[in-house]
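Undergrad: next one to model:
(2 chains)
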Amino acid sequence: MQRTEVSRVIKYIVFLMGISLPLLVNTSARAHKVTVFAYVEGGRVYTESYYADGTRCRNSNITVYDEQGHEVLTGKTNEKGEFSFTPPSDGPLKIVLDASPGHRAETVVSESELRAGEAVGKERSTETEETQKHATCTVQPRTGNITLTRKELKEILDDTLDRKLRPVMKLLAENRQHGVSARDVFAGLGYIFGIMGIVIYIRDIKKQGEEGTDD
Amino acid sequence: MHISEGILSAPVLLTGATLTVIGTGIGLKKTDYEKVPEVAVLSSVFFVASLIHVPLGPTSVHLILNGLLGLLLGWSAFPAILVALFLQAILFQFGGLTTLGVNTINMALPAVACYFAFGKAVTSEKNWAVIGGAFCCGFLSVGLSGLLVALSLLFTGQSFLNVARLILLAHLPVMIIEGVITVFVVKFLKKVKPEILEVANAAN
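TA: This is a model prediction of the structure:
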């Protein structure tokens, strides 16, 4: 009787493993979780929102809170899951995404990020003015070439790097939100069968103890 | 369907946790030791099912398979779903630890309800009863979970009807797919191991 029970259970496990295997193969990180990612550029805060499978969260609510937890502003993401706004203050901001019922994610934009981003923004707004100045310089046949101060060079570099790094930042954000790896899946299955093993082990000890007292 | 952290208020979280503790207690009491491997296997199935994304409908949805768990496990679906959701929360960051209770009750209660509603039909001799029962079990368990999620969100100021409509609309493809999957699994089990369905009935 016991033997048939055990073999029944084993066959059952093999069968169910059979069904769950195709599921295991398809572990390309697809499930329900949302991520919001924010970066500062040119004095504006840009946010992008995704589901865990990379789908953009369209038409989802974004709420921005200040340090004290007061609501600063709200908005909705566009078709590409993007939403951008001009921060009203320099303080750190908490950006909360509320996508379809029950899905919420948040991210924090720190003070330093805001300052750095804003500096670039200010630089850019003065940029046209600056180039204008240099243009007039070059017209003068006396000098012939453009001279840049250290500060100006830094500004131009910052600006260019900011622009060049933008796709990289996006890529990083996309990678970061693919949270599910095959390792996580196998870890979870390991835990489940580990718990099963412990339960059966404890039961065996109890059983042996009972048999021991019977003798 | 996993409700994230920071959305629900404390009373809702506490109610969910209490109901889950009660359900899991009943589930553990009703679980024979012989059934432990089955519970573990189905818990793993539930654990990985949420990775199967269904690219239909307006939002991103995934398989749940709580109807299948309920049908095969009865009350033992509670501990199975609790363990799977706990691991999903810590490994995949789906849902969260504070919402674990609410999420478990949302998924497991429909599983048990469908077990009581369709458990008998599935063991019947009539083919139409088996197919109908299995399909309804897979279909309705997801639907009921959606309604429970809407109910949990009721106290966050969102209108119940709107949320319920949104969730059910998004999950309609999943409901149909799960109904079909449940039919296939039940038909298969009836052919190769019919006693699994009978045992599940007798144990509760």
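Undergrad: grab the most central residue of chain B for me.
TA: residue B:66 (2.4 Å; CA atoms, centre = their mean).
Undergrad: quick one: low-confidence parts of chain A?
TA: For chain A, the stretches with pLDDT under 70 are A:1-32, A:52-54, A:100-102, A:116-144, A:174-179, A:212-215.
Undergrad: mind running it again at 50?
TA: A:1, A:24-31, A:124-133, A:135-140 (pLDDT under 50).
Undergrad: which stretches of the chain form strands?
TA: Since you didn't name a chain, this refers to chain A. A:34-41, A:44-51, A:61-65, A:71-76, A:82-85, A:93-99, A:103-109 (DSSP state E).
Undergrad: that's the other chain; I wanted chain B
TA: Counting by DSSP E, the strands of chain B are B:53-54, B:61-62.
Undergrad: in chain B, which residue sits nearest chain A?
TA: residue B:53 (3.1 Å; CB to the nearest CB). C-betas here are computed from N, CA, C, even on glycine.
Undergrad: the residue nearest to the centre of chain B touches residue B:45, doesn't it?
TA: No. Assessed by CB atoms under 8 Å, residue B:66 is found out of contact with residue B:45, at 10.5 Å.
Undergrad: ranking the strands of chain B by burial, who's on top?
TA: strand B:61-62 (a mean of 24; mean count of other CB atoms under 10 Å in any protein chain shown).
Undergrad: what's the domain layout of chain A?
TA: Chain A breaks down into these domains under automatic domain parsing: A:34-112, A:116-153.
Undergrad: nearest to residue A:209, of those?
TA: Proximity of the domains of chain A to residue A:209 was assessed by CB to CB; the nearest stretch is domain A:34-112, lying at 46.7 Å.
Undergrad: which sections of chain B are below the confidence cut-off?
TA: Ranges of chain B meeting pLDDT under 50: none found.
Undergrad: go again using 90 as the cut-off
TA: B:1-12, B:30-35, B:50-63, B:90-97, B:119-128, B:146-147, B:149-173, B:190-204 (pLDDT under 90).
Undergrad: and the helices in it?
TA: In chain B, the segments counted as helices under DSSP state H are B:10-30, B:36-49, B:66-73, B:77-87, B:100-123, B:127-153, B:160-192, B:194-203.
Undergrad: for those, give me JSON lines that also has distance to residue A:85.
TA: Formatted as JSON lines, the helices of chain B follow (distance: least, CB to CB, whole Å):
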{"stretch": "helix B:10-30", "distance to residue A:85": "31"}
{"stretch": "helix B:36-49", "distance to residue A:85": "38"}
{"stretch": "helix B:66-73", "distance to residue A:85": "40"}
{"stretch": "helix B:77-87", "distance to residue A:85": "35"}
{"stretch": "helix B:100-123", "distance to residue A:85": "32"}
{"stretch": "helix B:127-153", "distance to residue A:85": "26"}
{"stretch": "helix B:160-192", "distance to residue A:85": "26"}
{"stretch": "helix B:194-203", "distance to residue A:85": "55"}
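Undergrad: tell me the contacts of the nearest residue to residue B:65 once chain neighbours are set aside?
TA: Distances taken as CB to CB, 6 or more residues apart in numbering or on different chains place residue B:49 nearest to residue B:65, at 4.4 Å, with adjacent residues excluded. Neighbour list for residue B:49: A:23, B:62, B:63, B:64, B:65 [criterion: CB atoms under 8 Å, 6 or more residues apart in numbering or on different chains].
Undergrad: what's the most distant pair in those?
TA: Across the contacts of residue B:49 (CB to CB), the longest gap, 12.6 Å, separates A:23 and B:64.
Undergrad: so these two - more neighbours on which side?
TA: More crowded of residue A:23 and residue B:64, by other CB atoms under 10 Å in any protein chain shown: residue B:64, with 28 against 19.
Undergrad: before we move on, the earlier item: residue contacts, the residue nearest to the centre of chain B?
TA: Applying CB under 8 Å, 6+ apart, the residues near residue B:66 are B:46, B:77, B:81, B:107, B:108, B:110, B:111, B:141, B:142, B:145.
Undergrad: residues near residue 47, how many?
TA: Since you didn't name a chain, this refers to chain A. Neighbour number of residue A:47 under other CB under 10 Å is 21.
Undergrad: let's do chain B instead
TA: 26.
Undergrad: please name the spatially closest residue to it (chain neighbours excluded).
TA: In space, residue B:47 is closest to residue B:84, 4.0 Å off (CB to CB, 6+ apart).
Undergrad: can you count the residues close to the one you found?
TA: 27.
Undergrad: so who does it touch?
TA: Taking CB under 8 Å, 6+ apart, one finds A:188, A:192, B:43, B:44, B:46, B:47 in contact with residue B:84.
Undergrad: from what I see, residue B:108 and residue B:76 are in contact.
TA: No. If you go by CB under 8 Å, residue B:108 and residue B:76 don't touch, sitting 9.9 Å apart.
Undergrad: ok, now which ones touch residue 87?
TA: All of this is about chain A. Taking CB under 8 Å, 6+ apart, one finds A:40, A:43, A:44, A:45, A:93, A:109, A:114, A:118 in contact with residue A:87.
Undergrad: nope, chain B
TA: A:187, A:188, A:191, A:192, B:47.
Undergrad: turn those into a markdown table, including distance to residue B:36.
TA: What follows is the contacts of residue B:87, written out as a markdown table (distance: CB to CB, whole Å):
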| residue | distance to residue B:36 |
| --- | --- |
| A:187 | 20 |
| A:188 | 18 |
| A:191 | 15 |
| A:192 | 11 |
| B:47 | 16 |
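Undergrad: distance check, the nearest residue in space to residue A:89 that is not next to it in sequence against chain B.
TA: In this structure, residue A:89 finds its nearest non-sequential neighbour in residue A:66, 6.7 Å apart by CB to CB, 6+ apart. Distance of residue A:66 to chain B, given as CB to the nearest CB, to the nearest Å: 17 Å.
Undergrad: repeat that for residue A:190.
TA: On the measure of CB to the nearest CB, residue A:190 and chain B end up 10 Å apart.
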